[in-house]
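Novice: Fold the following.
(2 chains)
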There are 2 protein chains.
Amino acid sequence: MNFAFVGFGNVARAFARILVERRAQLADQYGITWRASAIATARHGCITSDEGIDLIEAARCVERGESLSQIRGSSTKESSLELVDSCAADVLFETIPLNPDDGEPAVTIIRRALERSINVVTANKGPVAFAYSELTALARERKVSFRFEGTVMDGAPVFNLFERCLPATKVLGFSGVLNSTTNLILTGMEEGRTFASCLEEAQRAGIAEANADYDIDGWDAAVKAVALANVLMSADLRPKDVERRGIRGISQAEVAQAVQADKAIRLVSRARITDGGLKLSALPERVSQPSPLASVRGTSNVLMIETDLMGRLAVFEHEPGVAQTAYALLSDLISVHRDSAPCD
Amino acid sequence: MNFAFVGFGNVARAFARILVERRAQLADQYGITWRASAIATARHGCITSDEGIDLIEAARCVERGESLSQIRGSSTKESSLELVDSCAADVLFETIPLNPDDGEPAVTIIRRALERSINVVTANKGPVAFAYSELTALARERKVSFRFEGTVMDGAPVFNLFERCLPATKVLGFSGVLNSTTNLILTGMEEGRTFASCLEEAQRAGIAEANADYDIDGWDAAVKAVALANVLMSADLRPKDVERRGIRGISQAEVAQAVQADKAIRLVSRARITDGGLKLSALPERVSQPSPLASVRGTSNVLMIETDLMGRLAVFEHEPGVAQTAYALLSDLISVHRDSAPCD
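Specialist: As a prediction, this is how the structure comes out:
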């Protein structure tokens, strides 16, 4: 299989290293043999190679802040789109940052790849929130896969759990603590620390971006609610449809008061069916202690799903990092390979 | 598909009602059409029928305390084993009570069914704890399925989660609160109630058997630890290999002391890799609050799994009942059907 990477940041590079480390396991256990044929980045150039790119060399090159054009045997391309339109790839891994306004340019990149019958794996929730039904229909038409397990709760099974382990059930609603930055801040404040010092810690640990507004203002939590609702509940909603309020206004006193009352404030992504249809929200909520929603501290995540036949169940992910998102790409790759030859 | 039932208690009857209610969905969504050809019980006789047994009529008959032999068009058999050896069945649903000494007679019943190339679905953890590798090998040889999602945490995906959603990972250990009766007692004691009154409540609610010793003495938690270790960690252990202590000796004072220290006492089924190999335990532990293990109250269950590539994740099941175990049988049936015609 030929692999193309659009975006080669922390997640993609961690994934690249797993691919190299697990080359033998992938071949022996799953029959997957591969080479990297293209890498597109925003700041380190875009390259393709017929003979295969050494991913470790490419990762080091990016980590040194240098251009990928120095990689032996590579040809350069002008842009990600030019690369997607011309590269020889069986699977494209898209990991560019979230754009919560319209999901671009990721939606276009994925659309063009699927149109060329390239399987797509993404860790970017934008395309799932803005174009899930379109991209899924296109993938089906071209008989390729469009997979996105890493977009919510990293590699913890959420979409695959529903698709593969909860047959015949209907999702009636969900509630989850899905944004690590805000949860690190809220649980830090429970220990008496300030909002600013908690945020600084999240940024130092590489959990929050330098500009953490998307997290703090609830955009990440809102986009995840939309992605979940579109996939698990066949909704066709957009981030603007979510009742959204971030955690910027939450005071130390409010957090302390909640703790005093044996409760906890969490930024909750929620879907519920009302008389007026499906309602999505991403709001700070006071949740009971003990409960799954309250049980997540620091960067940990949890998603509770309410179903018709199976009642209520939850998936909990303990302190995820880049490694867990990278694992999602690996898990999706194995799904893509299996689905491309289901009767082997 | 012809269905045989060995055991027709609460779980099997709830499953039978789902089968009848969802007949159209099973046919339309999964291509499953079925009839019931045999039912074996310990106290209401064993019957087979060529023309198909009305499951609702059979359920009512058992609920009235009457013999199944009155069902129209049925022939009686002397025993479960005679029934298994002679019935026309494509799938056998085994739901007889746990025998924590040797898993019998369920192991023999399942073995005989698999030998006859009948797919087997069980909600009984005994066979998985005592004969997992033998029965799995036999099923593979006869090209049929042996499925048991309902044996741990009812219909919440545990075995399927690992098999289908965590490819390429290795399980390094687990810890779980998996027995509802003891958790109902322990969390009831946290509210100041006595052991005896909590147990009585569990029995009244149909959660604990009249003889709840298997639960209270930790046998159920131990057998579940073995089932999980055998399947998820390729162990070949038996219930006697588990370091086991129930909750009988736990005093109100100990529970209160734990709560005072912001902790909680939970009966934890645990597997960890030590220098001396894989160690299993089912012991009351003081766990931190908040944490997933502490977050389960009443009959709720949780299982935390530690993996190499995906870190630590947990599945949480909220207040399961008979409906959730019945769902496990449905989920396994859909798996059996899919695996019997993987290229449809």
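Novice: Now do the contacts for A:Pro105.
Specialist: When contacts are counted by Cβ atoms under 8 Å, 6 or more residues apart in numbering or on different chains, A:Pro105 is found next to A:80-81, A:96, A:99. Where you see a C-beta, it was placed from the backbone N, CA and C, and this is true even at glycine.
Novice: Any chance of the backbone angles for it?
Specialist: With angles defined as degrees, to the nearest 10, A:Pro105 shows backbone torsions of phi -80, psi 10.
Novice: Please say whether there is contact between stretch A:324-337 and chain B.
Specialist: Yes. For stretch A:324-337 and chain B, the contact criterion (Cβ under 8 Å from any Cβ of the partner chain) is met by A:324, A:327, A:330-331, A:334-335.
Novice: Out of the residues you listed, who's the most crowded?
Specialist: The most neighbours of any of those, using other Cβ atoms under 10 Å in any protein chain shown, belong to A:Tyr327, which has 28 neighbours.
Novice: returning to that earlier point: next step: the contacts of A:Pro105 restricted to helices.
Specialist: Taking DSSP state H as the definition of helices, the contacts of A:Pro105 contribute A:80-81.
Novice: Which two of the contacts of A:Pro105 have the greatest separation?
Specialist: A:Leu81 and A:Asn99 (15.1 Å; Cβ to Cβ).
Novice: Return the member of the contacts of A:Pro105 nearest to A:Gln260.
Specialist: The shortest gap between A:Gln260 and any of these belongs to A:Asn99, at 39.9 Å (Cβ to Cβ).
Novice: So the residue nearest to that closest one when sequence neighbours are not counted: helix, strand or coil?
Specialist: Nearest in space to A:Asn99, with sequence neighbours left out and distances taken as Cβ to Cβ, 6 or more residues apart in numbering or on different chains, is A:Gly126 at 5.5 Å. Following DSSP: H, G, I helix; E, B strand; the rest coil, the label given to A:Gly126 is helix.
Novice: mind checking how far A:Gly126 is from A:Glu104?
Specialist: When Cβ to Cβ, to the nearest Å is the yardstick, A:Gly126 and A:Glu104 sit 8 Å from each other.
Novice: Tell me which of those two has more neighbours.
Specialist: Comparing A:Gly126 with A:Glu104 by neighbour count (other Cβ under 10 Å), the higher total belongs to A:Gly126, at 27 against 14.
Novice: quick one, what contacts the more buried one?
Specialist: Neighbouring residues of A:Gly126 by Cβ under 8 Å, 6+ apart: A:98-100, A:102-104, A:106-107, A:223.
Novice: Nearest the geometric middle of chain A, what residue?
Specialist: Nearest to the mean C-alpha position of chain A, counting by Cα atoms, centre = their mean, stands A:Thr151 at 2.0 Å.
Novice: Touching, A:Val231 and A:Ser133? I think so.
Specialist: No. Here A:Val231 does not reach A:Ser133: they are 9.6 Å apart, not a contact under Cβ atoms under 8 Å.
Novice: out of those two, which sits in the busier spot?
Specialist: When neighbours are counted by other Cβ under 10 Å, A:Val231 comes out ahead of the other of A:Val231 and A:Ser133, with 22 against 12.
Novice: Do you know the pLDDT at the residue nearest to the centre of chain A?
Specialist: Model confidence at A:Thr151, given as pLDDT, is 96.
Novice: distance of it from A:Ile207?
Specialist: 17 Å.
Novice: same check, this time on A:Gly173
Specialist: Relative to A:Ile207, A:Gly173 is positioned 28 Å away (criterion: Cβ to Cβ).
Novice: Check A:Trp219 too.
Specialist: Remark: distance between A:Trp219 and A:Ile207 (Cβ to Cβ) = 16 Å.
Novice: if we can go back for a sec, now the contacts of A:Gly126 in TSV, please, with extra columns for pLDDT.
Specialist: Shown next, in TSV, are these (pLDDT from 0 to 100):
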residue	pLDDT
A:Leu98	86
A:Asn99	88
A:Pro100	86
A:Asp102	93
A:Gly103	92
A:Glu104	95
A:Ala106	97
A:Val107	97
A:Val223	96
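Novice: Just the buried subset of the residues you listed, please.
Specialist: Among the contacts of A:Gly126, those classed as buried by neighbour count (16 or more other Cβ atoms under 10 Å in any protein chain shown) are A:98-100, A:103, A:106-107, A:223.
Novice: Could you point out which of those is nearest to A:Cys165?
Specialist: A:Val223 (24.5 Å).
Novice: End to end on stretch A:190-199, go ahead and measure it.
Specialist: Its start and end residues considered, stretch A:190-199 measures 14 Å (Cα to Cα, to the nearest Å).
Novice: nope, stretch A:193-210 is what I meant
Specialist: Terminal residues of stretch A:193-210 lie 20 Å apart, using Cα to Cα.
Novice: which residues touch it?
Specialist: The contact list for stretch A:193-210, computed with Cβ under 8 Å, 6+ apart, reads A:10, A:97, A:180-181, A:184-185, A:188-189, A:212, A:215-216, A:250, A:252, A:299, A:322.
Novice: Just give me how far that stretch sits from the chain centre.
Specialist: Mean-position distance between stretch A:193-210 and its chain equals 20 Å (Cα atoms, centre = their mean, to the nearest Å).
Novice: which ones are touching the residue nearest to A:His337 when sequence neighbours are not counted?
Specialist: In space, not counting the residues next to it along the chain, A:His337 is nearest to A:Ile32; the distance is 5.2 Å by Cβ to Cβ, 6+ apart. Residues in contact with A:Ile32, defined by Cβ under 8 Å, 6+ apart, are A:1, A:26, A:333-334, A:337.
Novice: again, 10 Å this time
Specialist: When contacts are counted by Cβ atoms under 10 Å, 6 or more residues apart in numbering or on different chains, A:Ile32 touches A:1, A:19, A:22-23, A:25-26, A:91, A:330, A:333-334, A:336-338, B:168.
Novice: Checking it next. Helix, strand or coil?
Specialist: Here A:Ile32 is coil, with the state taken from three-state DSSP.
Novice: And it, what's its pLDDT?
Specialist: Model confidence at A:Ile32, expressed as pLDDT, equals 97.
Novice: Contact distance from chain B - what residues of the stretch 1-150 of chain A qualify?
Specialist: Taking Cβ under 10 Å from any Cβ of the partner chain as the measure of proximity, the stretch 1-150 of chain A contacts chain B at A:18, A:22, A:25-26, A:29-30, A:32, A:149.
Novice: Swap in 7 Å and give it another go.
Specialist: Where proximity means Cβ under 7 Å from any Cβ of the partner chain, the interface of the stretch 1-150 of chain A facing chain B comprises A:22, A:25, A:29.
Novice: now, which of those residues lie within helices?
Specialist: Per DSSP H, the subset of the residues of the stretch 1-150 of chain A next to chain B in helices is A:25, A:29.
Novice: quick one: contacts of the helix or strand hosting A:His337?
Specialist: When secondary structure is defined using DSSP states H and E, the element that contains A:His337 is helix A:322-340. Counting contacts by Cβ atoms under 7 Å, 6 or more residues apart in numbering or on different chains, the residues outside helix A:322-340 that touch it are A:10-11, A:14-15, A:18, A:30, A:32, A:91, A:93, A:119, A:121, A:123, A:145, A:147, A:149-150, A:154-155, A:317, B:167-168, B:309-311.
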